[in-house]
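Colleague: fold the following for me, if possible:
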Amino acid sequence: MKKAVVIYSGGMDSFTVLHRAIADGFEVYPLSFHYGQRHSKELDCAAAVCEQLGLAHKLVDIRSINTLLAGSALTDDIEVPAADYAEGNMKATVVPNRNMILLSLAIGYAVSIDADEVYYGAHSGDHDIYPDCRPEFVEAMNQVSQLANYKAIPVRSPYLYNSKAEILADGLSMGLDYSQTWTCYNGREFACGNCSACRERLGAFAAHQLTDPLRYEEQAN
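Modeller: Have a look, this model is predicted:
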């Protein structure tokens, strides 16, 4: 069986990517990173899912890079935008060069375990906001990855041209339980429902006329 390293944050998109890689017939090796994000709730979800599936989950602590990568609402004491998912609102959540760093580490891990591919969850909803989720970046990283080592490791982004609602549709077709994921930028007991990430997630469920199984603060009050 071929092996794939899956960059797995514990969020909705990477959860679907993880199961897509399994459905594609790979033996998967989930790889998560603690890079100094505001909370660890996504990582807790990732660990729980991997334990349930019996997967060899690696969680790598790279928080020391935050001394180099400042200025993001995801890592610094900067207010998370409570607005729709759009470029003007979301630039504050960009972590400089994050995905190039994470992909480089994932590719190195893939080489070390003789894996065949790296799966990564960029999607079309991120294109306008995050330069390191755009097709040009993913395609360039794919080319570099296949040149950087003796063994060529393709970078696969199965949802690169799909919307959040389309990703959800594929996950639902696989029977996935999205209560096992965390999307909210805030790490409180319940999802806030107001940050851009929550709004996009809720919009994906609404597009399918479904209720998100995750609990939100409005429901808890």
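Colleague: so which residues of the protein form strands?
Modeller: Along the chain, the stretches classed as strands by DSSP state E are 3-7, 27-34, 58-61, 117-119, 155-156.
Colleague: pick the most buried one from those strands.
Modeller: strand 117-119 (a mean of 26; mean count of other Cβ atoms under 10 Å). Where C-beta positions appear, they are placed from N, C-alpha and C, glycine not excepted.
Colleague: so residue 105 touches residue 58, yeah?
Modeller: No: checked against Cβ atoms under 8 Å, the pair residue 105 and residue 58 is beyond contact range at 10.1 Å.
Colleague: buried ones in stretch 49-62?
Modeller: Across stretch 49-62, burial judged by 16 or more other Cβ atoms under 10 Å covers 49, 50, 55, 57, 58, 59.
Colleague: just flag the most distant two among those residues.
Modeller: By the measure Cβ to Cβ, 49 and 58 form the most distant pair in the buried residues of stretch 49-62, at 13.7 Å.
Colleague: average pLDDT across stretch 26-41?
Modeller: Per-residue pLDDT values across stretch 26-41 average out to 90.
Colleague: what of stretch 109-119?
Modeller: Averaged across stretch 109-119, the pLDDT comes to 98.
Colleague: who touches that stretch?
Modeller: Counting by Cβ atoms under 8 Å, 6 or more residues apart in numbering, the neighbours of stretch 109-119 from elsewhere in the structure are 2-7, 17-18, 20-21, 26, 28-29, 31, 58, 103, 106-107, 145, 149, 151, 153-158.
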